[in-house]
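**Q** Sequence plus the predicted model coming up.
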Amino acid sequence: MAGGLPRYFWVPNRTLDSEVRRAFGHFHQGRGPRLSWHHPGGSDLLRCGGFYTASDPNKEDIRSVESMLQAGHSDVVLVDTMDELPSLADVQLAHLRLRALCLPDSSVSEDKWLSALEGTRWLDYVRSCLRKASDISVLVTSRVRSVVLQERGDRDFNGLLSSLVQLLSAPEARTLLGFQSLVQREWVAAGHPFLTRLGVTGVSEKAPVFLLFLDCVWQLLQQFPAEFEFSEFFLLALHDSVRVPDTLTFLRDNPWERGKQSGQFNSYTQVYTPGYSHPPAGNSINSQLSVWDWDLRYSNEQILQFHNPGYDPEHCQDSWLPRQQPSFMVRGPPSSVWLFSRGALTALNQLCPWRDSPCLLTVSSRWLPRPAISSESLADQEWGLPSHWGACPLPAGLLLPGYLGPQIRLWRRCYLRGRPEVQRGLSAPTITGLQDELSRLQELIEKWTPRTSPEDRSQKRDPNPILSQSC
C-alpha cells in the first residue's frame, strides 16, 4: 500500500483489497482511513491522511471511500486534527525556547522567569492538545459516535490525539504494558518520522511532537495519580530513549526502513508483546532489540520505579465498558457526515471537507462550550448536538483533565534536570527518594528558622518545658 503504513491494519468487513487500494489512492501518501481503537459501546476511532485535492471521491470510487470512512456507522464525525493545534514549526520553536530557558546558565532573572515560560508557548500547546483530546473522547465514549482524525500527513498529531483519546477513555491503555503497546502501535508502526522530527537527519522538518505527547501524558499523571500503572520515572526513561542508538524503535522514520535495516518485516514491530522483541538464536546483530527491553539499560531497582505505587487496578472495574449499544442511540439519516472544527459541528452534504462553502451547510451547531473552570463540568453543559443523537451521562472510566491556568504545569523533573537545586525536593516513590526529601525538608527548616541572640532565647523560654521535651 505505502511504505509509511503499518504492515497490518483494520478495514471494514467484506472489503476487497482492490477497493482498499482505490479508496486509499484518494488520500495523501496513500494513508487512507484505518481503525485505531474500537470502543465497546460500538463507536470507532479512525485516522487517515488528507484528501488529494486533485482527486474528487464524489465523482470516482465514492462507495469505496464511503465504506472506509463510515465503516458501517450512520453518523461519522471528521475531525480536522490541525485545527486549533500548533504547526510543526511552532512546536519546534516553543521547544527551543523552553530548553534555552531551563538551562542552568539562563540569563532570565527569577522575577521574569514565569513570564518567560509563558512566552515559550509550550504549555499553551500542551493545553490545546489535552482540550481537543477531551472533546474527541466525549464524542467517542459518551455520544458513541465514530470519529475520523484527519491530518494531511497522518504521521504527527493524528498519533498524538489518537493516543491521548485512548488514554482518557480506556483504562487498559494506562497500564505499563498497555501504554507501551499504544506507543508502538500509534507512533512506531504508524510511521511517525522520529528521525526527521528529532533532527537526526538534518532535514528542516524538525519538531518534537512525540516529546509534546509525553508532556501531555505527564499532565494526566499529575491530575489522575491513581489511574496510571506507570510513574513519572517511566516517562522520563521513555523521553530519554528516543535517541538510544542500539535499537531501531525510534531511529527510523517508518516500518519499511526498520524492516530494511533488520532484513525482515516481523509482526513484532506492529505492537509491543513482552518476550517477542528479542532476536532469534544465532543472530549476532542487535537490529531487533526493542527500546522496551528496559533490563538492558536499567537496573532492577530503577525498573521498579517505573511502577506507580498509588495505582489501583480495581478503581474502574468494567464500569466504563458498555457491553452493548446503548438504547438511547437513535439512527440518523443514512450516510450522515459531520465536520468538527473550531468548537463547532457542521453537517456535510459531500465527502469533500477541503472544498469551499458549497460543501458545507450554512447552519452549524454549537458543540462543547468551553467550561469556565474544569472539563469535569462538560456533562452539565448545553451540548447543542443533533437531536437524534440522544443524551448520555459521561462514562465512569472517562478522564477529563483540567487545562486552564495552573492546571497545566511545567514538567520540572524533565526540563530542569540540569538544576540540582530545583531537582531536590521533588517527590519520589522510593525509600531513597523519601530520605532525600526528608533531608531537604530538614535543611529548609533550619534555613527558615529565625536566628535569635542568647538574650532573646532566654526571654522567650518555652512556658511548658515538659510538653516541649515530650515533643
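**A** Looks like it came in fine.
**Q** Poorly predicted segments of the stretch 251-400 of the chain, please.
**A** 254-288, 315-335, 349-393 (pLDDT under 70).
**Q** mind listing the strands for the protein?
**A** In the chain, the strands defined using DSSP state E lie at 34-38, 44-48, 75-80, 146-150, 336-341, 344-348, 360-366.
**Q** Nearest to Y415, out of the ones you listed?
**A** strand 146-150 (28.3 Å; CB to CB). C-beta here means a position set from N, CA and C on the backbone, and glycine is covered the same way.
**Q** between the strands of the chain, which gets nearest to S231?
**A** Among the strands of the chain, strand 34-38 comes nearest to S231, with 24.1 Å by CB to CB.
**Q** Tell me what angle the closest one forms with strand 146-150.
**A** 140 degrees (axes from the mean of the first three to the mean of the last three CA atoms, to 10 degrees).
**Q** ok so, going back, could the strands of the chain be laid out in JSON lines, adding distance to Y8 and mean neighbour count?
**A** Converted to JSON lines, the strands of the chain look like this (distance: least, CB to CB, whole Å; neighbours: other CB atoms under 10 Å):
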{"stretch": "strand 34-38", "distance to Y8": "10", "mean neighbour count": "20"}
{"stretch": "strand 44-48", "distance to Y8": "15", "mean neighbour count": "25"}
{"stretch": "strand 75-80", "distance to Y8": "23", "mean neighbour count": "22"}
{"stretch": "strand 146-150", "distance to Y8": "19", "mean neighbour count": "25"}
{"stretch": "strand 336-341", "distance to Y8": "27", "mean neighbour count": "20"}
{"stretch": "strand 344-348", "distance to Y8": "30", "mean neighbour count": "17"}
{"stretch": "strand 360-366", "distance to Y8": "36", "mean neighbour count": "13"}
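**Q** Those into TSV, with extra columns for distance to Q166?
**A** Shown next, in TSV, are the strands of the chain (distance: least, CB to CB, whole Å):
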stretch	distance to Q166
strand 34-38	5
strand 44-48	7
strand 75-80	15
strand 146-150	12
strand 336-341	18
strand 344-348	22
strand 360-366	27
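**Q** now the helices: where do they sit in the stretch 1-150 of the chain?
**A** 17-24, 62-70, 88-102, 113-119, 122-141 (DSSP state H, counting those that start in this stretch).
**Q** how about the strands of the chain, which one is nearest A170?
**A** strand 34-38 (7.0 Å).
**Q** E446: neighbour count?
**A** 8 (other CB atoms under 10 Å).
**Q** got JSON lines for the helices of the stretch 1-150 of the chain, with distance to A226 too?
**A** JSON lines is the format used below for those (distance: least, CB to CB, whole Å):
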{"stretch": "helix 17-24", "distance to A226": "42"}
{"stretch": "helix 62-70", "distance to A226": "38"}
{"stretch": "helix 88-102", "distance to A226": "29"}
{"stretch": "helix 113-119", "distance to A226": "28"}
{"stretch": "helix 122-141", "distance to A226": "19"}
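**Q** Figure out which of those helices is closest to Y403.
**A** The nearest among the helices of the stretch 1-150 of the chain, by CB to CB, is helix 122-141 at 4.5 Å.
**Q** so what does that closest one touch, helix or strand wise?
**A** strand 44-48, helix 88-102, strand 146-150, helix 157-169, helix 209-223 (3 or more CB pairs under 8 Å, 6 or more residues apart in numbering; DSSP states H and E).
**Q** if you set the cut-off to 6 Å instead, what comes out?
**A** helix 88-102, strand 146-150, helix 157-169, helix 209-223 (3 or more CB pairs under 6 Å, 6 or more residues apart in numbering; DSSP states H and E).
**Q** helices or strands up against the last one?
**A** Contacts defined by 3+ CB pairs under 6 Å, 6+ apart place helix 209-223 against helix 122-141, helix 232-240.
**Q** contacts for the last one?
**A** Read it as helix 232-240. The contact list for helix 232-240 (CB atoms under 6 Å, 6 or more residues apart in numbering) reads L214, W218, Q305, F306.
**Q** rerun at 8 Å
**A** Residues from elsewhere that reach helix 232-240, judged by CB atoms under 8 Å, 6 or more residues apart in numbering: 176, 183, 211, 214, 217-218, 221, 291, 294, 298, 302, 305-307, 413-414, 428.
**Q** got the angle for that helix vs helix 209-223?
**A** Using the same axes, to 10 degrees: helix 232-240 against helix 209-223 is 170 degrees.
**Q** mind giving me TSV with the helices and strands packed on helix 122-141 and columns for mean pLDDT and distance to S231?
**A** Shown next, in TSV, are those (pLDDT from 0 to 100; distance: least, CB to CB, whole Å):
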stretch	mean pLDDT	distance to S231
helix 88-102	95	22
strand 146-150	93	29
helix 157-169	97	15
helix 209-223	97	8
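**Q** Could you report the separation of the nearest residue to L167 once chain neighbours are set aside from F230?
**A** Counting by CB to CB, 6 or more residues apart in numbering, L167 lies nearest to A173, which is 5.2 Å off, once chain neighbours are set aside. Distance of A173 to F230, given as CB to CB, to the nearest Å: 11 Å.
**Q** Return every residue with contacts to both of those two.
**A** Shared contacts of A173 and F230 (CB under 8 Å, 6+ apart): F179.
**Q** sorry, back to before: L164 is in contact with the residue nearest to L167, correct?
**A** No - with contacts counted by CB atoms under 8 Å, A173 stays clear of L164, the gap being 9.8 Å.
**Q** can you pull the pLDDT of the residue nearest to L167?
**A** A173 is assigned 96 on the pLDDT scale.
**Q** Quick one: the helices and strands packed on helix 122-141 as TSV, columns for distance to G191 too.
**A** Shown next, in TSV, are the helices and strands packed on helix 122-141 (distance: least, CB to CB, whole Å):
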stretch	distance to G191
helix 88-102	15
strand 146-150	15
helix 157-169	9
helix 209-223	13
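**Q** Can you say which of those is nearest to S134?
**A** Among the helices and strands packed on helix 122-141, helix 157-169 sits nearest to S134 (CB to CB), with 6.6 Å.
**Q** Which one of the strands of the chain lies nearest to D135?
**A** That would be strand 336-341 among the strands of the chain, by CB to CB, at 7.6 Å.
**Q** what residues does the closest one touch?
**A** Contacts of strand 336-341 (CB under 8 Å, 6+ apart): 69-70, 74-80, 83, 135, 139, 147, 345-348, 351, 353, 360, 367.
**Q** What strands line up against that strand, and which way round?
**A** strand 75-80 (parallel), strand 344-348 (antiparallel) (DSSP bridges).
**Q** how about those in TSV, adding distance to T15?
**A** As requested, those are exported to TSV (distance: least, CB to CB, whole Å):
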stretch	distance to T15
strand 75-80	16
strand 344-348	22
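**Q** mind checking which of these is nearest R243?
**A** Comparing the strands paired with strand 336-341 by CB to CB, strand 75-80 comes nearest, at 31.5 Å.
**Q** what's the angle between that closest one and strand 44-48?
**A** Using the same axes, to 10 degrees: strand 75-80 against strand 44-48 is 40 degrees.
**Q** coming back round to it: who has more neighbours out of A173 and L164?
**A** L164 (26 against 20).
**Q** Could you check how many residues crowd around the closest residue to that one other than its chain neighbours?
**A** Distances taken as CB to CB, 6+ apart put A133 closest to L164, at 3.6 Å, once the chain neighbours are dropped. Counted with other CB under 10 Å, residues neighbouring A133 total 26.
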